[in-house]
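Enquirer: structure here, sequence nowhere to be found:
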Ligand code: BMP
């Protein structure tokens with residue numbers, strides 16, 4: 001996998017379209033993220049197929065009781081997921097069950113979201129959720145690319161946790177600024193798969209990162 005800061009969110013519902021796009025861009029991105037619409041439309045095997053091209057992060061936003069969480073995480077892991085996204089808000093027992101079910105796959109916890117109304121509910125609790133992420137030793141967290149003030153605060157508090165950031169381009173965030181403000185990777189969906197030339201898009205963005213000293217080589 002390429003030295004890239006891009007996690008491509010291939011939020012499509014046609015297997016062939018997703019696999020064709022994965023084949024084209026996989027050498028120029030860090031990872032692929034897929035979500036519920038994709039898995040429900042293409043079947044869970046889409047994780048196995050995509051894993052041949054790139055690291056796959058399953059955006060499952062796991063938020064159930066521990067018994068169910070462990071099963072969800074276990075299924076994603078058994079199909080080759082490199083990582084998965086879980087909610088943290090249901091509590092520590094539920095998060096621990098995700099970690100157990102993930103069997104070594106990386107767990108990313110949601111500590112804030114990019115939709116405007118998350119400011120009214122979820123985002124105010126980011127510090128508590130980061131604390132829980134650290135105590136339980138998960139790999140990373142999700143923080144918004146379209147709320148730089150919040151992202152900067154989260155970066156300061158997150159220490160070694162990796163930050164992956166959605167909310168660029170179609171949701172108003174600037175992906176380069178997001179990396180400059182401390183996100184480790186930007187999650188980009190429509191900006192890639194709705195662009196005229198996704199390969200050109202990812203190459204241009206990798207070039208921009210390089211020129212801004214955000215990539216080591
Ligand atoms: P897009 O770049 O097309 O806006 O896609 C962003 C992706 O990140 C979508 O899959 C969305 O579900 C996800 N996402 C988000 O936009 N905001 C969040 O706070 C958390 C997400 O996982």
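Expert: Nice, thanks for sending it over. None of the values given here were measured: they were computed from a predicted structure.

Enquirer: contacting residues around the residue in the chain that the ligand sits nearest to?
Expert: Residue of the chain nearest the ligand, by Cβ to the nearest ligand atom: residue 189 (2.7 Å). Just so you know, the C-beta spots here come from the backbone N, C-alpha and C atoms, and that holds for glycine as well. Residues near residue 189 by Cβ atoms under 8 Å, 6 or more residues apart in numbering: 8, 9, 10, 11, 33, 166, 170.

Enquirer: change it to 10 Å
Expert: Applying Cβ atoms under 10 Å, 6 or more residues apart in numbering, we find residue 189 in contact with 7-12, 33, 35, 166, 168-171.

Enquirer: same check, this time on residue 172
Expert: Applying Cβ under 10 Å, 6+ apart, the residues near residue 172 are 114, 116, 144, 145, 146, 147.

Enquirer: return the member of the residues you listed nearest to residue 208.
Expert: Within the contacts of residue 172, the smallest distance to residue 208 is 14.8 Å, found for residue 145 (Cβ to Cβ).

Enquirer: tell me which parts of this structure are close to the ligand?
Expert: Proximity of the chain to the ligand (Cβ under 6 Å from any ligand atom) is limited to residues 9, 11, 35, 59, 113-114, 142, 144, 166-171, 187-191.

Enquirer: quick one: buried ones out of these?
Expert: 9, 11, 35, 59, 113-114, 142, 144, 166-169, 171, 187-189, 191 (16 or more other Cβ atoms under 10 Å).

Enquirer: in the strand ranked longest in the chain, what's buried?
Expert: Looking across the chain with DSSP state E, the single longest strand is strand 55-62. Neighbour-count burial for strand 55-62 flags 55, 56, 57, 58, 59, 60, 62 (criterion: 16+ other Cβ under 10 Å).

Enquirer: distance of residue 82 relative to residue 56?
Expert: Residue 82 sits 6 Å away from residue 56, taking Cβ to Cβ, to the nearest Å as the criterion.

Enquirer: circling back: pick the one among the buried residues of strand 55-62 closest to residue 202.
Expert: The shortest approach to residue 202 among the buried residues of strand 55-62 belongs to residue 55, at 15.0 Å (Cβ to Cβ).

Enquirer: which pair of the contacts of residue 172 spans the longest distance?
Expert: The two members of the contacts of residue 172 with the most space between them (Cβ to Cβ) are 116 and 145, at 13.6 Å.

Enquirer: shared neighbours, these two?
Expert: Taking Cβ under 10 Å, 6+ apart as the contact rule, residue 116 and residue 145 both touch 171, 172.

Enquirer: just for this structure, where's the confidence low?
Expert: Scanning the chain for pLDDT under 70 picks out 1, 217.

Enquirer: mind jotting down where the strands sit in it?
Expert: Using DSSP E, strands in the chain cover 6-9, 31-35, 55-62, 83-87, 106-110, 140-142, 162-165, 185-188.

Enquirer: JSON lines for those, including distance to residue 214?
Expert: JSON lines is the format used below for the strands of the chain (distance: least, Cβ to Cβ, whole Å):
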{"stretch": "strand 6-9", "distance to residue 214": "11"}
{"stretch": "strand 31-35", "distance to residue 214": "16"}
{"stretch": "strand 55-62", "distance to residue 214": "19"}
{"stretch": "strand 83-87", "distance to residue 214": "21"}
{"stretch": "strand 106-110", "distance to residue 214": "20"}
{"stretch": "strand 140-142", "distance to residue 214": "17"}
{"stretch": "strand 162-165", "distance to residue 214": "13"}
{"stretch": "strand 185-188", "distance to residue 214": "10"}
